[in-house]
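In: Just to be clear, the model below is a prediction. Sequence and coordinates:
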Amino acid sequence: MKMLHRTLVASALVLATAAPAVQAQTLIVGFTRDADTLDPANHRNRETETIIRNIHDGVVTRSSDMMIHPEIAESFTQVSPTVYDFVIRAGVKFHDGTEMTIDDVKFTFDRLLNEGGMGDGQTSPRGALLGPVESVEIVEGNTLRFTLSEPWPLLPAMLPHQQIVSKAHVEAVGSTALATDPVGTGPFRLAEWRRGESVVMERFDDYYGGAPGIPEAGPACVERVIFQVIPESASRVAALLSGDVHIINELPPFSMNQVANSPNTEVMTVNGTRSFFLAMNNQGDIFDDVRVRHAVAHAIDRDLIIDRILNGTASRIDGILSPDAFGKNHDLPAYEFDPERSRALLAEAGYPDGISVTLDTTGPMRDIAEAIAALLTNAGINTQVQVGEGTLMNQKWQTRGGPKEGDMFLSSWGNSTLDPFDIFGPTHGTDARGNSAGYSNPELDALLDAAAVELDRARRGEMYREAEAMASADLPYVYLWVPQDIYGVSTRLSNWSPSPDSRINLHRACLD
């Protein structure tokens with residue numbers, strides 16, 4: 001792994017030093033994983049979106065304080081409960097020098113929304129992020145109208161997840177080629193993509209400046225950006241401390257002091273938006289009994305894990321929502337650590353001698369899974385940890401329909417908007433795509449459906465608080481924590497701060 005790290009960093013430095021005058025203007029990010037694609041419409045991955053968002057801009061964007069700002073749009077207006085109008089900015093150029101038009105923006109959303117809209121029979125996996133958007137039409141010159149099938153107040157908050165592409169370029173090269181040949185309107189254009197190693201971007205000097213609501217609008221500060229793929233945490237930390245990279249994501253909590261104590265680096269943290277939880281197979285023969293699920297909850301000392309393993313860099317949750325989320329119920333039962341209560345509940349459920357189960361997880365979560373397994377075993381729930389590759393585990397646990405296989409799954413779900421819509425329904429709705437517990441409660445389904453279209457903000461918040469109380473009683477998951485996102489950064493870096501939605505936007509970042 002050390003040899004691999006040296007090879008990766010050497011590749012980055014060759015690129016960074018190819019022209020000596022540019023060397024000081026090359027910002028390198030030590031990143032946990034490569035992009036899946038550079039086609040904004042063909043992925044469902046936050047790291048991929050982070051890379052893409054530096055090449056492509058959207059109709060609106062989100063600043064690091066989670067505020068929505070018009071970007072390619074000049075402004076937007078809610079005309080009615082089901083109609084939004086966006087005035088599209090003039091003078092925006094694509095990286096090939098052509099001028100972006102409202103036709104490109106409409107084409108982008110048609111490609112996202114329409115069945116088979118990507119060509120070759122492909123339908124965008126990101127269309128679901130547009131909720132009840134029914135159509136996107138051009139009205140009155142530079143105005144684009146979004147028409148919804150039902151009220152959906154979340155539309156502006158979800159649009160930062162969609163980036164604009166060139167109609168002419170997509171039609172010329174096709175969706176397959178677009179994956180490696182993007183033409184965006186963002187601050188950087190693709191220079192080279194070395195699969196599994198690095199994504200190299202160059203400053204686009206004709207950049208229109210981005211969102212005026214975010215200060216320092218204009219062309220990017222640095223001349224080149226490299227997302228260097230360094231999956232292993234120790235190698236990322238070493239690259240930062242040696243000055244080979246300027247930002248690293250997913251700084252391990254146990255490395256925070258090392259980075260903070262170096263004169264050339266510092267730690268930056270931000271409250272994250274990803275809820276971690278333990279899914280219990282509600283469709284199985286063991287966890288279909290709510291008493292057993294409650295027993296699991298009382299067996300896990302969440303405070304201990306947050307303190308000892310996460311170095312205090314997480315907030316405990318007693319429901320699916322982050323403490324910072326809209327509609328959060330702050331009066332939920334805590335299910336405090338009580339192994340004796342766990343044993344009593346197991347006995348009530350017909351398991352006086354305890355139970356034996358398997359806990360599925362992925363490699364990065366192994367240490368936490370083993371700590372949880374030890375706590376469960378101590379409370380009479382004999383637990384073996386099974387580690388699998390992330391894609392395979394998600395296929396096993398998040399496939400819609402049919403009975404679930406397995407006992408428990410340690411997982412998480414992101415909530416970049418901090419609105420319940422894009423985390424509560426997907427994880428708790430009957431047969432929803434992220435419902436790894438196989439949970440079903442028609443009363444809760446109806447409440448979540450109603451909350452999604454409720455326009456009265458106060459009433460909507462109350463509905464989600466009621467929904468969280470309902471889910472807390474059923475307890476299909478043991479709700480664990482929302483961790484901080486932790487970054488290591490060079491002291492040379494300026495004009496950049498981390499965002500709760502985990503994106504690393506380098507539009508304004510500078511190197512001293």
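Out: Arrived safely, thanks for sending. Numbering: from 1, shown residues only.
In: Now do the contacts for S124.
Out: S124 is in contact with A41, N42, R111, L112, L113, G117, M118, counting by CB atoms under 8 Å, 6 or more residues apart in numbering. Quick note: C-beta positions are derived from backbone N, CA and C, even for glycine.
In: In CSV, list the residues you listed along with distance to V267, pLDDT and neighbour count.
Out: As requested, the contacts of S124 are arranged in CSV below (distance: CB to CB, whole Å; pLDDT from 0 to 100; neighbours: other CB atoms under 10 Å):
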residue, distance to V267, pLDDT, neighbour count
A41, 35, 97, 24
N42, 34, 96, 20
R111, 40, 98, 25
L112, 37, 97, 24
L113, 41, 97, 17
G117, 43, 94, 18
M118, 41, 94, 22
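In: quick one: buried residues of stretch 234-244?
Out: Residues of stretch 234-244 classed as buried: S235, R236, V237, A238, A239, L240, L241, D244 (neighbour count, 16 or more other CB atoms under 10 Å).
In: CA-only coordinates of it in CSV, if you can.
Out: Only the C-alpha atoms of stretch 234-244 are listed here, as CSV (Å, rounded to 0.1, in the frame of the first residue of the first chain):
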residue,chain,number,x,y,z
ALA,A,234,-3.1,6.3,6.6
SER,A,235,-1.8,7.1,3.1
ARG,A,236,-4.1,10.1,2.8
VAL,A,237,-2.9,11.5,6.2
ALA,A,238,0.7,10.9,5.2
ALA,A,239,0.2,12.7,1.9
LEU,A,240,-1.3,15.7,3.7
LEU,A,241,1.5,15.9,6.4
SER,A,242,4.2,15.7,3.7
GLY,A,243,2.6,18.5,1.7
ASP,A,244,1.8,16.3,-1.3
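In: to the chain's geometric centre, what's the distance from it?
Out: Mean C-alpha position of stretch 234-244 versus that of the full chain (CA atoms, centre = their mean, to the nearest Å) differs by 24 Å.
In: repeat for stretch 323-334
Out: With CA atoms, centre = their mean, you get 21 Å for stretch 323-334.
In: Buried residues of that stretch, list them for me.
Out: A325, F326, G327, K328, N329, L332.
In: rewinding a little: looking at the contacts of S124, which one is closest to D422?
Out: L112 (15.9 Å; CB to CB).
In: Any regions of this structure where pLDDT drops low?
Out: Scanning the chain for pLDDT under 70 picks out 1-24, 216, 399-401.
In: correct me, but A239 touches G30?
Out: Yes. With contact defined as CB atoms under 8 Å, A239 reaches G30; the gap is 4.9 Å.
In: any residues in contact with both of these two?
Out: Residues touching both A239 and G30 (CB under 8 Å, 6+ apart) are Q228, I230, V245, I248.
In: Quick one: end-to-end distance for stretch 180-196.
Out: Taking CA to CA, to the nearest Å, stretch 180-196 runs 13 Å from one end to the other.
In: Now do the helices in the stretch 151-300 of the chain.
Out: 155-158, 167-178, 233-241, 256-260, 290-299 (DSSP state H, counting those that start in this stretch).
In: for these, which one sits closest to W481?
Out: Closest approach to W481 among the helices of the stretch 151-300 of the chain (CB to CB): helix 290-299, 13.4 Å.
In: Could you name the helices and strands sitting against that closest one?
Out: strand 274-280, helix 339-348, helix 366-378, strand 381-388, strand 477-490 (3 or more CB pairs under 8 Å, 6 or more residues apart in numbering; DSSP states H and E).
In: Specify the stretch among these that is closest to N264.
Out: strand 477-490 (6.4 Å).
In: Could you chop this structure up by domain?
Out: 2-264+491-511, 274-483 (automatic domain parsing).
In: Report the inter-axis angle for the lengthiest helix in the chain versus strand 477-490.
Out: When the chain is scanned for its longest helix (criterion: DSSP state H), the result is helix 457-474. Calculated by axes from the mean of the first three to the mean of the last three CA atoms, to 10 degrees, helix 457-474 forms an angle of 120 degrees with strand 477-490.
In: residue contacts, the residue lying closest to R293 once chain neighbours are set aside?
Out: Using CB to CB, 6 or more residues apart in numbering and skipping the chain neighbours, the partner closest in space to R293 is L475 (4.6 Å). L475 is in contact with V290, R293, H294, A297, Y335, counting by CB under 8 Å, 6+ apart.
In: Spit out the contact partners of the closest residue to F421 other than its chain neighbours.
Out: Excluding its sequence neighbours, the residue lying closest to F421 (CB to CB, 6+ apart) is L154, at 5.0 Å. By CB under 8 Å, 6+ apart, the contact set of L154 is G131, T417, D419, F421, D422, A452.
In: Likewise for Q163?
Out: So Q163 contacts P40, I52, R53, H56, D57, G58, T108, G184, G186 (CB under 8 Å, 6+ apart).
In: Is H330 in a helix, a strand, or coil?
Out: Under DSSP: H, G, I helix; E, B strand; the rest coil, the three-state class of H330 is coil.
In: okay, the helices of the stretch 151-300 of the chain in JSON lines with distance to D431 next?
Out: What follows is the helices of the stretch 151-300 of the chain, written out as JSON lines (distance: least, CB to CB, whole Å):
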{"stretch": "helix 155-158", "distance to D431": "22"}
{"stretch": "helix 167-178", "distance to D431": "29"}
{"stretch": "helix 233-241", "distance to D431": "36"}
{"stretch": "helix 256-260", "distance to D431": "41"}
{"stretch": "helix 290-299", "distance to D431": "20"}
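In: Deepest in the core, which of those is it.
Out: helix 290-299 (a mean of 23; mean count of other CB atoms under 10 Å).
In: and the next helix or strand after that one, how far out from the chain's middle?
Out: Using DSSP states H and E, the helix or strand that follows helix 290-299 in sequence is helix 302-308. Distance, stretch centre to chain centre, for helix 302-308: 23 Å (CA atoms, centre = their mean).
In: Can you name the next helix or strand after helix 302-308?
Out: strand 314-316.
In: Other residues contacting that next one?
Out: Outside of strand 314-316, the residues within contact range by CB under 8 Å, 6+ apart are N271, F276, R302, D303, I306, S322, P323, L480, W481, V482, P483, Q484.
In: just the buried members of those residues?
Out: For those, buried by 16+ other CB under 10 Å: N271, F276, R302, I306, S322, L480, W481, V482, P483, Q484.
In: Widest-spaced pair of those residues?
Out: So, the buried ones among the contacts of strand 314-316 by CB to CB: farthest apart are N271 and R302, at 17.0 Å.
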